[in-house]
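S.K.: What follows is a predicted structure for the sequence shown.
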Amino acid sequence: MDIVTAQEMYERDRVAMEAAGLDGKLLMENAGRAVTYDLLRHIQKEHAIVVLIGAGNNGGDGFVIARTLLNLGYDVEAWQVVPDTKITGDAEAHKKIFQASGHPYRLLKSSEDLNTSLGCADVCIDAMLGIGVKGRLKEPYAEIVRLCNEKSFVRLSVDLPSGVPADEGEEDFEAFQAHYTSIIDAPKQSVFLQSTRPYYGEWSVVEIGLPPQLLPDHRRRLWGAADVKRTLPERDAHSHKGSHGKGLIIGGSRLMPGSVAMTARAALRSGAGLIAVSTDPEAIPSISPYVQEATFVEGKDGGQVPVLEGYDGIAVGMGLGRTSVMVTVVEQLVHEKETPLLVDADGLYLIKGFLQELEKREAPTVLTPHPGEFAHLSGLSIKEILNSPFSHSKEFAEKHGVYLVLKGPSTIITGPDGEQRVNISGNAGLAKGGSGDVLSGILLSMMMQGEDVMNALSNGCFLHGSTADLLVQDEHAKIDLLASDVIEGLSRTFRTFSS
Ligand SMILES: NC(=O)C1=CN([C@@H]2O[C@H](COP(=O)(O)OP(=O)(O)OC[C@H]3O[C@@H](n4cnc5c(N)ncnc54)[C@H](O)[C@@H]3O)[C@@H](O)[C@H]2O)[C@H](O)CC1
Ligand SMILES: [K+]
């Protein structure tokens, strides 16, 4: 499913109308009807419904929605919150159809009248502003949104909650707080930002007849279950342990043995053929009982850096510590150009000094920072990153020729060519120590079992989050879920998503 900016959405409309001969009024009818049938899940027959209609085509959708609900026998009051002069184009055409269908509408004269009506409503459908919003809400929208947000009725938004910007990068806004949003054709970037995501409430996407094969490829998409099932590698019945990748994991220390142990176990549980661990010898006695299938390797000539050749993937960083000795380890890994390399946790702090070397590596380099680690790597503030995660990720990945997994409630996976995918599986149960170590193990394993790195990373993130989702559905609550539970839960997830 594509993720779009407002501009890209307008472009999709234009292409659909020019190339497929669809016209705006038809698209508005399709959108209004599709949204109506999507919203019916949240509306009871006896509910008193208010539809708030704004000045643009989002308002036009509102006229179609109000008409459709009235045709279905629902109790609807349609409120046009702007003067008639503001209703133009396709929206005006649908207002005429609404009126010609014999339906009345209320014209906002004072907020008191509207407030009385809102006071009697069970459901409020917000068709005031969509992707055309610019800047903070002007009156009367700001006042109306404040009135709605303090009411106890069900708040349903059309395309996006009024006031929420469609694109990343806007931080000054106020918006309608929807319980549920019916998104038209494609989710906008603001669905995936920490600042704007809460205003959508639950959401789903309705199809309105735009021909996917004619639409431009924005190279930014949501990665879902169907994509995983389509791309998860099959295990060949005649395969042997060598055919599913031999991985090396460098990390752990005497005081932090657990993280590298979880990475190793997660990698094996995700199908890696062989895993070798290079760690502080004093940590081995506490790692080995937890992951008996792993072997251990010592540094070359008794030093810290193990032999790096002969592996299908290397992961470094978890529990590594940030001593100068470890800088040498990371430096040698950067210069070993042939093996796919995943860098996480402490490794991300140590690799900062070698960023300009990364694009010279022939094999893929994968960095897996959370926003704080990305701030350190990029020199951006966490606030800047959270405000514009798509563009900052893309700029960094293209500049350094790396794959970047920017972790969060919506994890953005970016390739060195700028392609982006978003994973939204997972839940707050993952916001605990060790989750990142487990993810690194899964990603290393996926990278070694398939040719396409973007698929490997996208599937790994999806499986990690989905395992947490499956676990909190029945066996656990978010509060008690441990990273190690996710490792043990992977087998159920693989059974669910492997064809
Ligand atoms: N294929 C599709 O996606 C379709 C989408 N539809 C709907 O159309 C809207 C986008 O319509 P547009 O007219 O471009 O913009 P809006 O409806 O969001 O309204 C713009 C309107 O609002 C005024 N405005 C802008 N900023 C502010 C502000 N800060 N305060 C107050 N007023 C503001 C501006 O002056 C304009 O008058 C999309 O979201 C879908 O809902 C089509 O219906 C079908 C196809
Ligand atoms: K809206």
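M.R.: Here it is on my side, so go on. Ligands and ions are numbered 1, 2, ... in the order given.

S.K.: and stretch 192-209, does that touch ligand 2?
M.R.: No. Judged by Cβ under 5 Å from the ion, stretch 192-209 and ligand 2 are separated, with a smallest distance of 10.4 Å. (Glycine included, C-beta is placed from N, CA and C.)

S.K.: what about that stretch, distance to the chain center?
M.R.: On the basis of Cα atoms, centre = their mean, to the nearest Å, stretch 192-209 sits 11 Å off its chain's mean C-alpha point.

S.K.: same question, stretch 401-415
M.R.: 10 Å.

S.K.: can you give me the end-to-end distance of stretch 466-486?
M.R.: Using Cα to Cα, to the nearest Å, the end-to-end distance of stretch 466-486 comes out at 9 Å.

S.K.: Kindly list the longest helix within this protein.
M.R.: Within the chain, and with DSSP state H defining each element, the longest helix by residue count is helix 453-473.

S.K.: now what about the helix or strand following that helix, what contacts it?
M.R.: Next helix or strand after helix 453-473 toward the C-terminus (DSSP states H and E): helix 483-497. With contact meaning Cβ atoms under 8 Å, 6 or more residues apart in numbering, helix 483-497 is reached by 225, 228-229, 232, 262, 265-266, 269-271, 430, 432-435, 437-438, 441-442, 462-464, 466-468, 470-471, 475-476.

S.K.: Buried subset of those residues, written for ChimeraX?
M.R.: Command for ChimeraX that selects the buried part of the contacts of helix 483-497, burial taken from 16 or more other Cβ atoms under 10 Å:
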select :228,232,262,265,266,269,270,271,430,434,435,437,438,441,442,462,463,464,466,467,468,470,471,476
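
S.K.: Which parts of the stretch 51-200 of the chain are strands?
M.R.: Secondary structure of the stretch 51-200 of the chain by DSSP state E, counting those that start in this stretch: the strands cover 75-80, 106-107, 123-127, 154-158, 180-184.

S.K.: Compile those into a markdown table and extend it with columns for mean neighbour count.
M.R.: Listed next are the strands of the stretch 51-200 of the chain as a markdown table, based on neighbours: other Cβ atoms under 10 Å:
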| stretch | mean neighbour count |
| --- | --- |
| strand 75-80 | 22 |
| strand 106-107 | 14 |
| strand 123-127 | 28 |
| strand 154-158 | 27 |
| strand 180-184 | 25 |
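
S.K.: would TSV of those strands with distance to ligand 1 and mean pLDDT be doable?
M.R.: Shown next, in TSV, are the strands of the stretch 51-200 of the chain (distance: least, Cβ to the nearest ligand atom, whole Å; pLDDT from 0 to 100):
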stretch	distance to ligand 1	mean pLDDT
strand 75-80	13	98
strand 106-107	16	96
strand 123-127	7	98
strand 154-158	6	98
strand 180-184	5	98
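
S.K.: Compare these and give me the one nearest Glu18.
M.R.: When the strands of the stretch 51-200 of the chain are compared by Cβ to Cβ, strand 180-184 sits nearest Glu18, at 18.8 Å.

S.K.: angle of the closest one against strand 123-127?
M.R.: 30 degrees (axes from the mean of the first three to the mean of the last three Cα atoms, to 10 degrees).

S.K.: what does strand 180-184 contact?
M.R.: With Cβ under 8 Å, 6+ apart as the criterion, strand 180-184 contacts 31, 34-35, 38-39, 42, 61, 130, 154-161, 191, 200-206, 208.

S.K.: Any part of it near ligand 2?
M.R.: No. Strand 180-184 lies out of reach of ligand 2 by Cβ under 5 Å from the ion, never closer than 8.0 Å.

S.K.: how far off strand 154-158 does that strand point, in degrees?
M.R.: Using the same axes, to 10 degrees: strand 180-184 against strand 154-158 is 10 degrees.

S.K.: picking that back up, counting contacts, what elements does the longest helix of the chain pack onto?
M.R.: helix 225-231, strand 403-406, strand 411-414, strand 420-423, helix 435-449, helix 483-497 (3 or more Cβ pairs under 8 Å, 6 or more residues apart in numbering; DSSP states H and E).

S.K.: Can you name the residues of the stretch 51-200 of the chain that neighbour ligand 2?
M.R.: 58, 126, 157-158, 162.

S.K.: OK, contacts around the nearest residue to Gly163 once chain neighbours are set aside?
M.R.: Distances taken as Cβ to Cβ, 6 or more residues apart in numbering place Ala175 nearest to Gly163, at 3.2 Å, with adjacent residues excluded. Applying Cβ under 8 Å, 6+ apart, we find Ala175 in contact with 137, 145, 161-164, 196, 199.

S.K.: Ligand 1: which of the residues you listed is nearest?
M.R.: Leu137 (4.6 Å; Cβ to the nearest ligand atom).

S.K.: Report how many residues lie close to the residue nearest to Ser458 when sequence neighbours are not counted.
M.R.: The spatially closest residue to Ser458, leaving aside those adjacent along the chain, is Trp223, at 4.3 Å (Cβ to Cβ, 6+ apart). Per other Cβ atoms under 10 Å, the neighbour tally for Trp223 reads 24.

S.K.: Now do Met256 against ligand 2, distance only.
M.R.: Here Met256 is placed at a distance of 48 Å from ligand 2 (Cβ to the ion, to the nearest Å).

S.K.: Sticking with that residue, tell me its helix or strand.
M.R.: Met256 belongs to no helix or strand when elements are defined using DSSP H and E.

S.K.: just the strands in the stretch 201-350 of the chain please.
M.R.: Counting by DSSP E, counting those that start in this stretch, the strands of the stretch 201-350 of the chain are 202-206, 220-222, 246-250, 274-278, 295-296, 313-316, 341-343.

S.K.: so how far is the last one off the chain centroid?
M.R.: Relative to the centre of its chain, strand 341-343 is centred 22 Å away, using Cα atoms, centre = their mean.

S.K.: Note down every partner strand of it and its orientation.
M.R.: Here strand 341-343 is paired, per DSSP bridges, with strand 313-316 (parallel), strand 365-367 (parallel).
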